[in-house]
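# after the sequence you'll find the predicted model.
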Amino acid sequence: MIPAASPALQPAPAAAPPADAHAFPPAGWQRAWREAVRDPRELLAMLGLDGLASTLSDEAASAFPLRVPRGFVARMRHGDPADPLLRQVLPVLDEARIVPGFALDAVGDGAARAARGVIRKYRGRALLVATGACAVHCRYCFRRHFPYAEETAAADGWRDAVAAIAADPAIDEVILSGGDPLALATAKLAELTDALAAIPHLRRLRIHSRLPVVLPERVDAPLLAWLRALPWPVAIVAHANHANEFDAGVDAALGELRGTGATLLNQAVLLRGVNDSVEALAALSTRAFDAGVLPYYLHQLDRVAGTAHFEVADARARELHAALAARLSGYLVPRLVREVPGDSGKRPL
Ligand SMILES: *Cc1c(COP(=O)(O)O)cnc(C)c1O
Ligand code: SF4
């Protein structure tokens with residue numbers, strides 16, 4: 001979920017949430033995590049789509065394995081080869097196409113690195129690459145190309161990260177990103193926030209996570225207790241790309257997160273064949289709001305090798321965004337942006 005401009009800092013897509021001494025016996029969510037579907041053919045069989053096997057890419061699947069929680073699979077439409085949730089996770093032959101402009105190695109951003117797992121790129125904000133693990137592997141994600149880097153902020157008990165933040169009074173917001181920061185055990189997260197609580201210049205904590213939507217089991221009592229006890233206002237940015245990603249379990253998880261006082265926002269990526277219509281984008285905004293989540297950003301795709309089949313041209317993106325603005329209340333219209341390597345923020349389109 002961190003910007004594509006920081007390849008040197010990309011963590012490994014771990015197969016399981018990081019082991020943690022405090023997490024014994026394993027919480028329910030960790031079991032749901034481990035039971036994720038990892039075999040593309042099994043996924044197709046579950047959906048009655050065995051016929052799609054000829055579109056699978058074993059090469060793509062071995063470079064960046066399929067991973068999708070069973071609860072997320074349950075929200076896919078049975079028998080629909082164009083299902084927008086399936087398309088986000090299925091490793092397909094399209095990924096092997098070489099397309100000019102789609103780089104294996106995006107422009108480096110090493111200068112923004114402030115400490116182990118800390119990116120100091122956005123003004124006033126420190127972004128922590130908390131962990132490399134994700135509960136779902138999204139085919140459009142730049143992370144697919146950086147499976148071996150392991151520099152995460154949690155790796156050394158957060159020491160480097162906390163020291164870097166403490167040393168810079170200009171930082172008033174800490175952003176937990178990844179990978180997926182909620183892949184860490186709650187005790188591990190508490191270890192960080194206990195240390196951060198002593199830093200007087202921090203005003204806000206932000207968490208970017210796909211877990212409340214793809215694995216709502218993660219929103220359990222210890223997580224909620226941790227959030228409630230934090231000394232700062234908290235923003236949680238969900239990463240849902242389609243209205244169908246929401247169901248009653250997700251609504252309940254998001255409602256509980258909101259009950260802690262956190263502000264819930266959504267950041268989506270504009271993806272061809274997933275959400276590139278006014279209807280899909282409007283449904284995403286209104287469905288997210290029904291669940292207590294305010295639309296925040298609609299991102300143009302990072303131009304990463306293997307993702308060209310997801311790209312929506314800028315002109316079409318602007319047209320969709322204008323149509324969305326004409327249709328919805330202003331607060332339901334996300335900002336259309338692109339991440340530009342080297343910039344100190346997102347660039348509006
Ligand atoms: C864009 C982005 C940020 C920071 O930018 P804001 O404009 O403050 O939201 C942080 N984390 C992630 C994952 C982002 O995509
Ligand atoms: S959850 Fe998906 S989009 Fe986010 S970092 Fe992991 S693979 Fe990428």
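All right, it came through fine. Numbering: from 1, shown residues only. Ligands and ions are numbered 1, 2, ... in the order given.
# touching ligand 2 at all, stretch 114-128?
No - using C-beta under 6 Å from any ligand atom, stretch 114-128 stays clear of ligand 2, with a minimum separation of 12.7 Å. C-betas here are computed from N, CA, C, even on glycine.
# what is the end-to-end distance of that stretch?
10 Å (C-alpha to C-alpha, to the nearest Å).
# and if you look at stretch 74-91?
End-to-end distance (C-alpha to C-alpha), stretch 74-91: 18 Å.
# got the buried residues for stretch 187-200?
188-193, 195-196, 199 (16 or more other C-beta atoms under 10 Å).
# what about dumping the CA coordinates of that stretch to PDB?
Taking Å, rounded to 0.1, in the frame of the first residue of the first chain, the C-alpha atoms of stretch 187-200 are listed here in PDB:
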ATOM      1  CA  ALA A 187       0.500  -6.700  21.000                       C
ATOM      2  CA  LYS A 188       3.100  -5.700  18.400                       C
ATOM      3  CA  LEU A 189       1.100  -2.700  17.400                       C
ATOM      4  CA  ALA A 190       0.700  -1.700  21.100                       C
ATOM      5  CA  GLU A 191       4.500  -2.000  21.500                       C
ATOM      6  CA  LEU A 192       4.800   0.700  18.800                       C
ATOM      7  CA  THR A 193       2.100   3.100  20.100                       C
ATOM      8  CA  ASP A 194       3.300   2.800  23.700                       C
ATOM      9  CA  ALA A 195       6.700   4.100  22.500                       C
ATOM     10  CA  LEU A 196       5.100   6.800  20.300                       C
ATOM     11  CA  ALA A 197       2.900   8.000  23.100                       C
ATOM     12  CA  ALA A 198       6.000   9.600  24.700                       C
ATOM     13  CA  ILE A 199       6.600  11.800  21.700                       C
ATOM     14  CA  PRO A 200       5.000  15.200  22.300                       C
END
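# contacting residues around it?
Outside of stretch 187-200, the residues within contact range by C-beta atoms under 8 Å, 6 or more residues apart in numbering are 18, 20, 22-23, 128, 130, 153-154, 157-158, 161-162, 165-166, 174, 176, 181-182, 202, 205, 222, 226, 230-231.
# Ala60 in helix, strand or coil?
Recorded secondary structure, Ala60: helix (DSSP: H, G, I helix; E, B strand; the rest coil).
# make that Asp251, sorry
Secondary structure assignment for Asp251 (three-state DSSP): helix.
# who's in contact with it?
290-291.
# what does Gly273 give?
Listed by C-beta under 8 Å, 6+ apart, the contact partners of Gly273 are 82, 84, 87, 309-310.
# switch to 10 Å and redo it
Contacts for Gly273 (C-beta atoms under 10 Å, 6 or more residues apart in numbering) come out as 82-84, 87-88, 94, 309-310, 312.
# for Asp168, see how far away whichever residue of the stretch 151-300 of the chain sits closest to ligand 2 is.
Nearest to ligand 2, among the residues of the stretch 151-300 of the chain, is Arg210, at 4.0 Å (C-beta to the nearest ligand atom). As for Arg210, its distance to Asp168 is 28 Å (criterion: C-beta to C-beta, to the nearest Å).
# enumerate the residues of the protein near ligand 1.
Neighbours of ligand 1 within the chain, by C-beta under 6 Å from any ligand atom: 1-3, 122, 125, 127, 175, 177, 208, 345-346.
# end to end, how far does stretch 265-280 reach?
So stretch 265-280: terminal residues 18 Å apart, C-alpha to C-alpha.
# also stretch 112-127?
Start-to-end, stretch 112-127 (C-alpha to C-alpha) is 10 Å.
# give the buried residues for it.
So for stretch 112-127, counting by 16+ other C-beta under 10 Å, buried means 112-122, 125-127.
# the stretch 101-250 of the chain: helices as residue ranges?
159-166, 186-196, 211-214, 221-229, 248-259 (DSSP state H, counting those that start in this stretch).
# okay, those, which one's buried deepest?
Using mean count of other C-beta atoms under 10 Å, the stretch among the helices of the stretch 101-250 of the chain with the largest mean neighbour count is helix 211-214, at a mean of 27.
# remind me what it packs against, helices and strands.
Contact partners of helix 211-214 among helices and strands, from 3 or more C-beta pairs under 10 Å, 6 or more residues apart in numbering; DSSP states H and E: helix 70-73, helix 84-89, strand 234-238, helix 248-259.
# now do the first one: distance to the chain's middle.
Which is helix 70-73. 16 Å (C-alpha atoms, centre = their mean, to the nearest Å).
# what do you get for the second one?
Relative to its parent chain, helix 84-89 has a centroid offset of 14 Å by C-alpha atoms, centre = their mean.
# which strands and helices lie in contact with it?
Against helix 84-89 (3+ C-beta pairs under 10 Å, 6+ apart) you get helix 40-46, helix 70-73, helix 211-214.
# show me what contacts Trp29?
17, 23, 69, 135, 182-183, 185-186, 211, 215-220, 223.
# what's the answer for Ala115, then?
Here Ala115 is in contact with 126, 128, 151, 153, 156, 159-165, 167 (C-beta under 10 Å, 6+ apart).
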